[in-house]
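Participant: Attaching a predicted model along with its sequence, questions to come.
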Amino acid sequence: MMTMMKQWNRQRRHQPLALAVGALAALLVVGLISPQRIAMAQTAQGESTARTQVLNTGGGQALIDPADTVLLLLDHQSGLFQTVKDISVTELRANTAALAKLATVLKIPVITTASEPNGPNGPLMPEIHQLAPHAVYVPRKGEISSWDNEDFVNAVRATGRKTLVIAGVWTSVCVMFPALDAKAAGFKVYAVIDASGDPSEMVSRTTLARFTQAGVVPTSTNAVISETYRTWNRPEAAELGKLLTIVAPNYTAVIESFQKAQDVIKAQEKK
């Protein structure tokens, strides 16, 4: 009798496990939790890692994807330029212009805005819309952060893209506030530091620290250009060279020396 009771208790202890195993087997049979369905569920939840420009080597996986990118140029206003001390205004404007031209060549959407262009902060620098005629300007109603303006956020979301490359003046305010909120909203955010400006070096360093703590990626104009182009083996290679001469003027000498060497070779071949 004691033996029968022990067997019965043992069966009761293992019954839940047996039922669980049976249920799991049944689910696998009907394919409800197959690896394919798990992958489909992740894709439906926006967790797909599929990207353009990713090579078989894995190259490009961690880089900016131009097909998923929006360029946000915020508050590059003439009045604010006069307060910038961490970078020369000439360099700041040149780098911002290079980003605008890059967006045109690669067909990257551009959204611009200004807090109050009729006030002391002044109008936007004209080079942006001259070099990126497809850029969309979104007026604000005085909000300091563009992410507090519903029209601006709707314009960003309407692109369907999830990578934001942001530059603006000031870096610590006009770039940082929307960058932090966009990051919190699920966007991947890059801050182009040398196409932005702050009132002092101290302010700029503090801003960089806050960016990195929040997961906003600090970057530079030449990095964005090279990261989105990825290769010289493309029809727009000459445009890439021109853009690099803007952000690195000494690169002009590299091109000139190369061109001279090519001219010499051609002249010798004709003899």
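Facilitator: In hand now; what should we look at?
Participant: Please count neighbours and contacts with C-alpha atoms only from this point.
Facilitator: Fine.
Participant: Show the residue spans covered by the helices in the stretch 151-271 of the chain.
Facilitator: Assigned by DSSP state H, counting those that start in this stretch, the stretch 151-271 of the chain shows helices spanning 176-184, 201-214, 221-229, 237-247, 251-270.
Participant: Now distance to Leu72 and mean pLDDT too, for the ones you listed, in JSON lines please.
Facilitator: Below are these laid out as JSON lines (distance: least, C-alpha to C-alpha, whole Å; pLDDT from 0 to 100):
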{"stretch": "helix 176-184", "distance to Leu72": "10", "mean pLDDT": "98"}
{"stretch": "helix 201-214", "distance to Leu72": "16", "mean pLDDT": "97"}
{"stretch": "helix 221-229", "distance to Leu72": "13", "mean pLDDT": "97"}
{"stretch": "helix 237-247", "distance to Leu72": "18", "mean pLDDT": "91"}
{"stretch": "helix 251-270", "distance to Leu72": "27", "mean pLDDT": "88"}
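Participant: Could you dump those helices into CSV and include distance to Ala155?
Facilitator: Formatted as CSV, the helices of the stretch 151-271 of the chain follow (distance: least, C-alpha to C-alpha, whole Å):
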stretch, distance to Ala155
helix 176-184, 13
helix 201-214, 23
helix 221-229, 22
helix 237-247, 27
helix 251-270, 36
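Participant: Now render those as JSON lines, adding mean neighbour count.
Facilitator: Listed next are the helices of the stretch 151-271 of the chain as JSON lines, based on neighbours: other C-alpha atoms under 10 Å:
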{"stretch": "helix 176-184", "mean neighbour count": "19"}
{"stretch": "helix 201-214", "mean neighbour count": "15"}
{"stretch": "helix 221-229", "mean neighbour count": "19"}
{"stretch": "helix 237-247", "mean neighbour count": "17"}
{"stretch": "helix 251-270", "mean neighbour count": "11"}
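Participant: The protein: strands as residue ranges?
Facilitator: All strands of the chain, identified by DSSP state E, fall at 69-74, 110-113, 136-137, 163-168, 188-192, 217-219.
Participant: Just list what the first one packs against, helices and strands only.
Facilitator: Read it as strand 69-74. strand 110-113, strand 163-168 (3 or more C-alpha pairs under 8 Å, 6 or more residues apart in numbering; DSSP states H and E).
Participant: So which of those strands has the densest surroundings on average?
Facilitator: With neighbours defined as mean count of other C-alpha atoms under 10 Å, the helices and strands packed on strand 69-74 peak in mean count at strand 163-168, which reaches a mean of 26.
Participant: Could you chop this structure up by domain?
Facilitator: Following automatic domain parsing, one gets these domains for the chain: 66-229, 237-266.
Participant: Quick one, which of the ones you listed gets closest to Gly59.
Facilitator: Nearest to Gly59 among the domains of the chain is domain 66-229; the distance by C-alpha to C-alpha comes to 11.1 Å.
Participant: Let me know the average pLDDT across stretch 152-167.
Facilitator: Mean per-residue pLDDT for stretch 152-167: 98.
Participant: ok, the closest residue in space to Pro123 that isn't next to it in sequence to Tyr137 distance?
Facilitator: Ranked by C-alpha to C-alpha, 6 or more residues apart in numbering and with sequence neighbours excluded, the top spatial neighbour of Pro123 is Pro117, at 4.6 Å. As judged by C-alpha to C-alpha, to the nearest Å, Pro117 and Tyr137 stand 12 Å apart.
Participant: number of nearby residues for the closest residue to Pro178 other than its chain neighbours?
Facilitator: Leaving aside its sequence neighbours, Pro178 sits nearest to Trp147 (C-alpha to C-alpha, 6+ apart; 4.9 Å). Around Trp147 there are 20 other residues, counting by other C-alpha atoms under 10 Å.
Participant: Now the terminal residues of stretch 77-89, how far apart.
Facilitator: One end of stretch 77-89 sits 11 Å from the other (C-alpha to C-alpha).
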